[in-house]
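[1] could you look at this predicted model? Sequence included:
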Amino acid sequence: MVDTTRVDITYSWSGLDLAGTLHLPDADPPHPAVLLMQGSGPTDRDSDGYFPPIRQAFLSRGLATYAFDKPGVGRSTGDWRDYALEGRADQSVAALDMLTGHPLLDAARIGIWGHSQGGWLAQIIAGRIPDLPFAIASSGPSIDIEQQDLYGCEHTMRAGGHDDAEVGEALGFLDAVHAAARRGDPYRIVETEILATARQARWYGSYLTIDDPESWAMVTRFVTEEFEPIEALTRIRCPYLAVYGGGDTLVPAWRSAEETGRALAEAGNTDATVVVFPNADHRIRDVVMGEFATGYLDLVADWAAKRAGL
């Protein structure tokens, strides 16, 4: 185990106080660093236990890490449901700005790593900041939010043993939800016309639940933002690593790998790497053993360390 130093840092963004922790490696400063960005849901700075092994891999190579509690989670103020991808990206860019000014960090060597929804953030931020030292997207979809919803719903339900009829009903429910969100239908209408009936079905809750006006407002934000991953990928010029699990039920891994590689090539990116671990799941864990796929932690940490000049 590498000895590290923890530094709790809270920074301000758009009226919120976002609290996180900077972990420092056992080396002389200034350190290169990685901003870790979570996937969906109300996750804290450790991503509910997912981040520590990933963090340790970076630390062991000499890279510091920083991650913050989402709004309304842990010690951060606000409500995570109030922000879709662009809002989350803005929060992360503000974190990068804070890190570049930290006296123990090397401002020229601070990159990003994001998982799942955080992989979309990596696409957005790397597209915004052409001279970013490096960016890593882990299970970052090449498809948009509505397509990912439909893919994730179908494959999650099939993996859970639901039959074709139930899958079809659930996909029809999602189509109706997406259409209502695009129209801007209020929650009371969605509750009466869509949710009340769907909640009676055996399949409801297998993928998406909408239980109150706040969760409906969040769905509406994501659907109406109309983020296009391919467009973002074609703007990325910085060193970029995309990693997928071939057994992912939430993201079309092989399609995303192919489309991501093609978009980065079209962008003229000269330092782009795309890797698929065939027997890994959405979290790049072995689908049988449940542990990180052999080589994943070494891949991301070694790749980042090399781009950071270590």
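    Cool, got the structure.
[2] quick one: the helices in the chain, in order.
    Assigned by DSSP state H, the chain shows helices spanning 51-60, 85-100, 117-128, 145-159, 164-183, 187-190, 196-198, 213-225, 229-233, 253-266, 296-307.
[3] tell me which other helices or strands the fourth one touches.
    In terms of contact count using 3 or more Cβ pairs under 8 Å, 6 or more residues apart in numbering; DSSP states H and E, helix 145-159 is assigned the packing partners helix 164-183, helix 213-225. Heads up, the C-betas are built off the backbone N, CA and C, glycines and all.
[4] would you list those in CSV and tack on mean neighbour count, mean pLDDT and distance to Pro53?
    Output for the helices and strands packed on helix 145-159, formatted as CSV (neighbours: other Cβ atoms under 10 Å; pLDDT from 0 to 100; distance: least, Cβ to Cβ, whole Å):
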stretch, mean neighbour count, mean pLDDT, distance to Pro53
helix 164-183, 16, 97, 33
helix 213-225, 17, 97, 29
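[5] can you lay out those as JSON lines showing distance to Leu24?
    Conversion of these to JSON lines gives the following (distance: least, Cβ to Cβ, whole Å):
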{"stretch": "helix 164-183", "distance to Leu24": "43"}
{"stretch": "helix 213-225", "distance to Leu24": "35"}
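[6] and Gly246, which of those is closest to it?
    Closest approach to Gly246 among these (Cβ to Cβ): helix 164-183, 21.3 Å.
[7] circling back: check the helices of the chain for me and report the most buried one.
    Comparing the helices of the chain by mean neighbour count (mean count of other Cβ atoms under 10 Å), helix 117-128 ranks first with a mean of 26.
[8] Asp131: which of the helices and strands packed on helix 145-159 is closest?
    Using Cβ to Cβ, the helices and strands packed on helix 145-159 put helix 213-225 closest to Asp131, at 25.6 Å.
[9] mind saving the C-alpha coords of that closest one as CSV?
    Provided in CSV are the C-alpha atoms of helix 213-225 (Å, rounded to 0.1, in the frame of the first residue of the first chain):
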residue,chain,number,x,y,z
PRO,A,213,-41.6,15.7,-9.6
GLU,A,214,-37.9,16.1,-8.8
SER,A,215,-37.0,12.8,-10.5
TRP,A,216,-39.2,13.7,-13.5
ALA,A,217,-37.5,17.1,-13.7
MET,A,218,-34.1,15.3,-13.8
VAL,A,219,-35.3,13.0,-16.7
THR,A,220,-36.5,16.0,-18.6
ARG,A,221,-33.2,17.8,-18.2
PHE,A,222,-31.2,14.9,-19.6
VAL,A,223,-33.5,14.2,-22.5
THR,A,224,-33.9,17.8,-23.6
GLU,A,225,-30.1,18.5,-23.4
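[10] what does that helix rub up against?
    79, 81-87, 145-146, 177-178, 181-182, 184, 187, 190, 208-210 (Cβ atoms under 8 Å, 6 or more residues apart in numbering).
[11] could you pick out the longest strand of this structure?
    Determined from DSSP state E, the single longest strand within the chain is strand 105-115.
[12] quick one: strands adjacent to it?
    strand 31-37 (parallel), strand 135-138 (parallel) (DSSP bridges).
[13] I'd like those strands as JSON lines, with distance to Leu150, mean neighbour count and mean pLDDT appended.
    Listed next are these as JSON lines, based on distance: least, Cβ to Cβ, whole Å; neighbours: other Cβ atoms under 10 Å; pLDDT from 0 to 100:
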{"stretch": "strand 31-37", "distance to Leu150": "24", "mean neighbour count": "28", "mean pLDDT": "98"}
{"stretch": "strand 135-138", "distance to Leu150": "21", "mean neighbour count": "28", "mean pLDDT": "98"}
